[in-house]
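K.L.:
fold the following, please.
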Amino acid sequence: MKKIENTFAVTGYVANDAQVNNFDTASVARFSIAVNRAEKKGEETTYTSAFMAIEAWRKNEAATAFDIIKKGALLTVKGYFKPEEWTDKETGQKRNRITMVAVEFYLAPDKVEEEKPAKASNKTKRTKKETSK
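P.N.:
Numbers count the residues shown, from 1 in each chain. Sure, this is the predicted structure:
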């Protein structure tokens, strides 16, 4: 049977400061990150944005890691998807959702557009023999 990975990695802007809840031995930070996708149709480019809810857990000694989760920060988040199920107390209906649990998060460097190097023509390529001389 083929192993299926349950992981994600996403980079986006923090949409809101983290809400941190402290418990006896651990703390949880909940926050959203905004990501977008550009779609080009002819000369026109449109952007579609999405907000993803993230949950990160740390032992209380490491809870200072949450200090970087501030609105507007460009953050890379890596983690796994956790399914949750519950019964709505008011309606009695079963509900479910997928929570994105962050295992690792860090400030991402600002992306700089780099020029792609031009392809070398056959005339400028050196062979292995030429470079070893």
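
K.L.:
let me see the ranges of the helices in the protein.
P.N.:
Under the criterion DSSP state H, the chain contains helices at 128-131.

K.L.:
any regions of it where pLDDT drops low?
P.N.:
The chain contains residues with pLDDT under 70 at 111-133.

K.L.:
all strands of it, in order?
P.N.:
8-14, 19-22, 26-41, 44-59, 74-87, 94-107 (DSSP state E).

K.L.:
partner strands of the shortest one, with direction?
P.N.:
Sheet pairing of strand 19-22 (DSSP bridges) gives strand 26-41 (antiparallel).

K.L.:
again, but for the last one
P.N.:
Its sheet considered, strand 94-107 pairs with strand 44-59 (parallel), strand 74-87 (antiparallel) by DSSP bridges.

K.L.:
with the first one instead?
P.N.:
Note on strand 8-14: by DSSP bridges, its sheet partners are strand 26-41 (antiparallel), strand 74-87 (antiparallel).
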